[in-house]
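*Asks:* Sequence unavailable; structure follows:
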């Protein structure tokens, strides 16, 4: 599970950082064969980040964690067949 936040600033590296984070998590999952959860918030500002981390927009970290638990359960179930 990968958690974090990338908040757009005054420089142009926001897209590079966000894309590199997503690409790295994808590569980790593909190379290891282990499902990976991308829980990195990509936000325009701190208010949006706080809203997504338990504020008005829910808790995306908790949602990602529940997704990981569901994936682990499905993975375990699939291996039994």
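*Replies:* In hand now; what should we look at? Here the structure is a predicted model, which means the values were calculated and not measured.

*Asks:* For this structure, give me the ranges with low pLDDT.
*Replies:* In the predicted model of the chain, residues 81 satisfy pLDDT under 70.

*Asks:* how many neighbours does the nearest residue to residue 44 once chain neighbours are set aside have?
*Replies:* Closest residue to residue 44 apart from its sequence neighbours, by CB to CB, 6 or more residues apart in numbering: residue 8 at 5.0 Å. To be clear about C-beta, it is placed using only N, CA and C from the backbone, and glycine gets the same treatment. Per other CB atoms under 10 Å, the neighbour tally for residue 8 reads 16.

*Asks:* Please name the residues that touch residue 8.
*Replies:* When contacts are counted by CB atoms under 8 Å, 6 or more residues apart in numbering, residue 8 touches 14, 43, 44, 45.

*Asks:* can you give me the helices for this protein?
*Replies:* 14-32, 46-52, 60-79 (DSSP state H).

*Asks:* Buried deepest among those helices, which one?
*Replies:* helix 46-52 (a mean of 16; mean count of other CB atoms under 10 Å).
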